[in-house]
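Enquirer: Just a sequence and a predicted model for now, questions to come.
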Amino acid sequence: MVRSSGSPDRADNRAGDRAGDSAGPAVRSSRDGYAGLPVGAFLDALAAGSAAPAGGSAVALVLAQAAALCAKTARLSARQLTAEGAGPLTAEAEQVRARAASLIDDDARAYRAVLEQTRPRAGESETPGQSGPTGPSGHTEPSAAAGESGSAGQNRTAGESGTAGQNRTAGESGAAGRLVAALSDAADVPLRMVELSVPVARLAATLAAGGNPALRGDAVAAGLLAQASARAAAELVTINLAAMPDDPRHARAADLLAAIAEVLAGPFGHAT
């Protein structure tokens with residue numbers, strides 16, 4: 001989890017994270033990754049002009065916080081739930097918290113894998129004017145070929161034939177296929193966030209209804225944060241799978257969102 005305090009001496013530079021001189025302060029992570037950063041340092045990393053961490057990592061952190069609130073509420077509800085009831089709820093919340101926190105860095109790695117596929121390889125070239133892919137957190141990478149002009153650009157875009165044209169077509173097809181595959185892999189990370197949001201919502205609903213009444217606000221906050229995380233993560237799934245409209249993960253994410261809304265509607269006293 002992102003810590004509330006810590007020493008920058010434990011941090012090491014993330015090589016290659018900076019996006020030019022305008023990126024702001026160098027992005028740094030702890031030896032445990034972004035999830036091990038102090039809160040302020042993590043927010044600095046989110047705000048920096050670097051590829052990661054970004055939206056997906058932020059969503060994972062919010063979900064981990066929701067699970068942590070459930071763990072707190074369950075621990076302090078032993079009188080209402082009995083120790084036998086509070087213990088398992090606490091353990092489940094802690095397990096989900098750890099899994100959600102691990103996705104903070106998983107999302108950053110997945111996005112970097114997508115960016116890697118936007119770099120032309122030997123014998124391949126980008127399509128002129130291509131705006132670049134959208135990654136796990138909604139970033140876009142500008143194409144190096146955008147704005148190409150002159151005779152060289154004309155030769156690449158018009159009148160190509162023979163072996164050179166065939167090689168270029170094959171190269172673009174391979175690059176596009178690898179990019180789609182990387183985006184598909186990246187979609188699994190936010191989908192896991194949506195899936196993890198379901199048990200957090202259920203825990204929050206249980207604790208709001210039967211836990212310590214002094215902590216009902218914490219349970220409600222946990223449920224709403226879990227739902228917000230699920231909605232944001234589902235949107236990232238949609239973005240990553242834009243080239244795959246028939247992928248079953250679209251429907252999977254939608255079904256999970258509906259399940260969360262149903263879980264929270266009763267104990268929270270209103271539809272969400």
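Expert: In hand now; what should we look at? Keep in mind that what you see is a predicted model, and the values were worked out from it rather than measured. Numbers count the residues shown, from 1 in each chain.

Enquirer: Thought Leu89 was touching Thr206, still the case?
Expert: Yes. Between Thr206 and Leu89 there is a contact at 6.8 Å, judged by Cβ atoms under 8 Å. Any C-beta I mention is one placed from the backbone N, CA and C, and that applies to glycine too.

Enquirer: Need the residues touching each of those two.
Expert: By Cβ atoms under 8 Å, 6 or more residues apart in numbering, Thr206 and Leu89 have no common neighbours.

Enquirer: Contacts only, for the closest residue to Arg231 other than its chain neighbours.
Expert: Spatially, and ignoring its direct neighbours in sequence, Arg231 is nearest to Leu257 (6.5 Å; Cβ to Cβ, 6 or more residues apart in numbering). The contact partners of Leu257, taken as Cβ under 8 Å, 6+ apart, are Val194, Ala230, Arg231, Ala234.

Enquirer: okay, those residues in TSV with neighbour count, distance to Val114 and secondary structure next?
Expert: Output for those, formatted as TSV (neighbours: other Cβ atoms under 10 Å; distance: Cβ to Cβ, whole Å; DSSP: H, G, I helix; E, B strand; the rest coil):
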residue	neighbour count	distance to Val114	secondary structure
Val194	29	19	helix
Ala230	28	22	helix
Arg231	16	22	helix
Ala234	24	18	helix
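
Enquirer: State the pair within these that is farthest apart.
Expert: Val194 and Arg231 (8.6 Å; Cβ to Cβ).

Enquirer: Neighbours of the residue nearest to Glu195 when sequence neighbours are not counted, how many?
Expert: Residue nearest to Glu195 in three dimensions, not counting chain neighbours: Leu256, with 6.3 Å by Cβ to Cβ, 6+ apart. As a burial measure, Leu256 scores 22 neighbours (other Cβ atoms under 10 Å).

Enquirer: what do you get for Arg119?
Expert: Neighbours of Arg119 (other Cβ under 10 Å): 11.

Enquirer: List the residues that contact it.
Expert: Contacts of Arg119 (Cβ under 8 Å, 6+ apart): none.

Enquirer: Wasn't it part of a helix?
Expert: No. Arg119 is assigned coil when assessed by DSSP: H, G, I helix; E, B strand; the rest coil, not a helix.

Enquirer: That one and Arg112, how far apart?
Expert: 11 Å (Cβ to Cβ, to the nearest Å).

Enquirer: so where does Asp44 fall, helix or strand?
Expert: Using DSSP states H and E, Asp44 maps to helix 39-47.

Enquirer: Packing partners of that helix?
Expert: The contact analysis (3 or more Cβ pairs under 8 Å, 6 or more residues apart in numbering; DSSP states H and E) places helix 39-47 against strand 28-30, helix 55-75.

Enquirer: Packing partners of the helix or strand harbouring Ser229?
Expert: Using DSSP H and E, Ser229 maps to helix 216-240. Packing contacts for helix 216-240, counted by 3+ Cβ pairs under 8 Å, 6+ apart, involve helix 55-75, helix 162-210, helix 248-265.

Enquirer: Turn the ones you listed into JSON lines, columns for distance to Ala83 and mean pLDDT.
Expert: Shown next, in JSON lines, are the helices and strands packed on helix 216-240 (distance: least, Cβ to Cβ, whole Å; pLDDT from 0 to 100):
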{"stretch": "helix 55-75", "distance to Ala83": "10", "mean pLDDT": "97"}
{"stretch": "helix 162-210", "distance to Ala83": "14", "mean pLDDT": "81"}
{"stretch": "helix 248-265", "distance to Ala83": "25", "mean pLDDT": "97"}
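
Enquirer: Would you mind giving those helices as a markdown table with distance to Ala98 added?
Expert: Shown next, in a markdown table, are the helices and strands packed on helix 216-240 (distance: least, Cβ to Cβ, whole Å):
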| stretch | distance to Ala98 |
| --- | --- |
| helix 55-75 | 8 |
| helix 162-210 | 10 |
| helix 248-265 | 20 |
